[in-house]
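> Task: produce atomic coordinates for the following.
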Amino acid sequence: MNMRKSITIAIFAFFVFVTLGCEGDQGPVGPQGDQGPAGSVNIITQSNVLSLNNLIVEDNDFVYWTFPWAALTSDIYENGIVLAFVRDVEGSEWVPLPLPIGTTTMSYGFRTGEYEVAVFGEDADTLVLVMIGATVRAVAIPPSQVSSRIDHNDYDALVEYYQLNDVLGFE
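Presented below is the predicted three-dimensional model:
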């Protein structure tokens, strides 16, 4: 009984010391963290598959696709950021456009209500055949959401920073 009482007292004393040891002067306030994006993020994305059905051929050195995009407003066009990324048929990773490949370039352009993906250069016709079935994702960032804290050519950084849903939803 004496041993049991000693163990109980020792355990009680241990908890008292631990509890008292946690009190004391509060340390200094840590540095302020980076501010996140303002309020609710309204980043607009659209994904399209490159196909022969919507391919426009100017000549063997210049071909393009045009995609309607009603969400691309004049405010975003004039003051925001519009980006385009391509992912090949295997779906390995999103690569920012423009994408130079040898003497050929895959690029994009946009205007209010639509965007284009173009392939031009010496081997444009060959690159188009390789890119059929690839997915293009356009990303529109309204002026109020543009941030200089991230690399906008890094698709994974966009997904993380702007909390984009990375599920392909074809519109």
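
> next SSE after the helix or strand encompassing Asp75?
For Asp75, the element it lies in under DSSP states H and E is helix 74-79. Sequence-wise, the next helix or strand downstream of helix 74-79 (DSSP H and E) is strand 81-87.

> sorry, back to before: buried residues, the helix holding Asp75. List them.
Residues of helix 74-79 classed as buried: Ile76 (neighbour count, 16 or more other C-beta atoms under 10 Å). All C-beta atoms are positioned from the backbone trio N, CA, C, and that covers glycine.

> who's in contact with that helix?
Ile44, Val82, Phe110, Arg111, Thr112, Ala140, Ile141, Pro142, Pro143 (C-beta atoms under 8 Å, 6 or more residues apart in numbering).

> Near the last one, how many other residues are there?
Counted by other C-beta atoms under 10 Å, the residues lying close to Pro143 total 11.

> Leaving out the residues flanking it, which one is nearest to it?
Asn79 (3.9 Å; C-beta to C-beta, 6 or more residues apart in numbering).

> which of the contacts of helix 74-79 lies closest to Asp154?
The nearest member of the contacts of helix 74-79 to Asp154, counting by C-beta to C-beta, is Ile141 at 13.6 Å.

> Quick one: residues contacting that closest one.
By C-beta under 8 Å, 6+ apart, Ile141 lies in contact with Ile43, Ile76, Gly80, Ile81, Val82, Leu83, His152, Tyr162.

> hmm, which of the residues you listed are the buried ones?
Applying 16+ other C-beta under 10 Å to those flags Ile43, Ile76, Gly80, Val82, Leu83, His152, Tyr162 as buried.

> where does this protein have low pLDDT?
1-24, 26-27, 30, 33-41, 166-171 (pLDDT under 70).

> ranges for the strands of it?
Assigned by DSSP state E, the strands in the chain fall at 44-49, 55-59, 62-68, 81-87, 95-96, 99-101, 104-111, 114-121, 135-141.

> Would you mind finding the most buried of those strands?
strand 135-141 (a mean of 22; mean count of other C-beta atoms under 10 Å).

> ok, back up a step: closest one of the contacts of Ile141 to Asp123?
For the contacts of Ile141, the nearest to Asp123 is Leu83 (24.7 Å; C-beta to C-beta).

> For Val29, see how far away the nearest residue to Pro98 once chain neighbours are set aside is.
Closest residue to Pro98 apart from its sequence neighbours, by C-beta to C-beta, 6+ apart: Ser107 at 3.9 Å. According to C-beta to C-beta, to the nearest Å, Ser107 stands 48 Å off from Val29.

> cool, Thr73 as well?
Relative to Val29, Thr73 is positioned 42 Å away (C-beta to C-beta).

> Just want to know which of these two has more residues nearby.
Under the criterion of other C-beta under 10 Å, the comparison of Thr73 against Val29 puts Thr73 first, with 16 against 6.
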